[in-house]
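# Give the three-dimensional model of this entry:
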Amino acid sequence: MVVSLAGGVDPSALLALLADGRVHSGARLARELEASLGAVRQGILKLKSLGIDVEAQARRGYCLAQPIEPLDARKIRTALGHDQELKLNNLEVLFEVDSTNSRLLKAAPPPAGQADVCMAELQHSGRGRHGRRWIAPFGGSIALSLGWSFRDAARANPALSLAAGVAICRALTREGARGMSLKWPNDVWFSDRKVGGVLVELKTEAGGAAHVVIGVGLNVSLSAAARREIEKTGVRAAAVADACTQAGSRNWMTGTLLDELLRMLDQFEREGFAPFRDAWTALDALRGRPARILAGSSAISGTARGVDEVGALLLESGGRIQRFVSGEVSLALNLGDA
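Residues are numbered from 1 along each chain as shown. As a prediction, this is how the structure comes out:
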């Protein structure tokens, strides 16, 4: 077992032992981790400080409030098709990180046609659109980033976030979710509630290439407490589990998600948004509904009319169609933000 240089236990190793949700005595945990009882107690305190709900039961031991399925690189790879697995330059699974997007943006871009993937159980500085904090409930979410090199930076246009949304919905459908939809430009919805979102960040490289990082955050399952915490931020929250008849494997779902994203990137780089437009339209949660555009301090109300051939939002207002480009504005339902 891994023991830190400071003599404490590795929190990820301790968590792996507790993941089944059963009660584990301190003595047994100490034996498994080759550590002292004091180090185990400090490890438990560390997990609690990270917001992980560990219960201490007198004279019995420790257990998680709910069992979890820790992320496992080997299991995630199993869900990938052979052709897509060959596109993985690197797959990194971390226990904690500041931000998976930031980690990949700081790294060298992957070779053309291959992807670097980083995911973590805990993000301390996870970001959503416009720099908003992204809350990812421990053990009940997927937080991953995928780095890709576009040979032609012009190909890495704003419609990429829409194509990524299509890929995510395809993956969730494969995993048994029904009724998923998309809200322009980068939110995944279920029953007008936010399940997750996409954050695309880009660095232009020498020679006209671009290093793109696609960040994906998804609520896989939500406890009542986690749902309340998210909704304190003004977001009406949902989880993939709400759209499924039975719970699935978080690792398998993550692998399926990567499989669809890699398929999408290969096609998007060759053909752009065009092959994804019809699929996006079919998933459009707001098409034909009253909506408003928030552009700076101005608000424009109208009726959402889908997207054009490059993914720009079309809003009918005052008898004419106005076009808005992703990244310039925010879109919300007239009857309340999502």
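# show me the residues around E201 that make contact.
Counting by CB atoms under 8 Å, 6 or more residues apart in numbering, E201 touches 101, 105, 212-213, 215. C-beta coordinates here come from the backbone N, C-alpha and C atoms, glycine included.
# same thing with L218?
Residues near L218 by CB under 8 Å, 6+ apart: 141-142, 168, 188, 195-196, 240, 257.
# Give me the distance from the strand or helix carrying W148 to the chain's centre.
When elements are assigned from DSSP states H and E, W148 belongs to strand 141-150. For strand 141-150, the distance from its own C-alpha centre to the chain's C-alpha centre is 8 Å (CA atoms, centre = their mean, to the nearest Å).
# Can you list the buried residues in stretch 159-177?
By 16 or more other CB atoms under 10 Å, the buried positions in stretch 159-177 come out as 159-175, 177.
# List the neighbouring strands of the helix or strand harbouring A304 plus their orientation.
Assigned by DSSP H and E, A304 falls within strand 298-307. Strand 298-307 has the following sheet partners, assigned by DSSP bridges: strand 290-295 (antiparallel), strand 313-317 (antiparallel).
# List the buried residues in the helix or strand that comes right after the last one.
Using DSSP H and E, the helix or strand that follows strand 313-317 towards the C-terminus is strand 320-324. For strand 320-324, a neighbour-count test (16+ other CB under 10 Å) marks F324 as buried.
# list the helices and strands strand 320-324 packs on?
Packing contacts for strand 320-324, counted by 3 or more CB pairs under 8 Å, 6 or more residues apart in numbering; DSSP states H and E, involve strand 298-307, strand 313-317.
# Which other helices and strands does the helix or strand following it contact?
Later in the chain than strand 320-324, the nearest helix or strand by DSSP H and E is strand 330-333. Applying 3+ CB pairs under 8 Å, 6+ apart, we find strand 330-333 packed against strand 290-295.
# Model confidence score at the residue nearest the centre of the chain, please.
By CA atoms, centre = their mean, the chain has its centre lying nearest to G217, at 1.8 Å. In the predicted model, G217 carries a pLDDT score of 95.
# can you give me the angle whatever helix or strand it lives in makes with strand 141-150?
According to DSSP H and E, G217 maps onto strand 210-219. Angle between the axes of strand 210-219 and strand 141-150 is 170 degrees (criterion: axes from the mean of the first three to the mean of the last three CA atoms, to 10 degrees).
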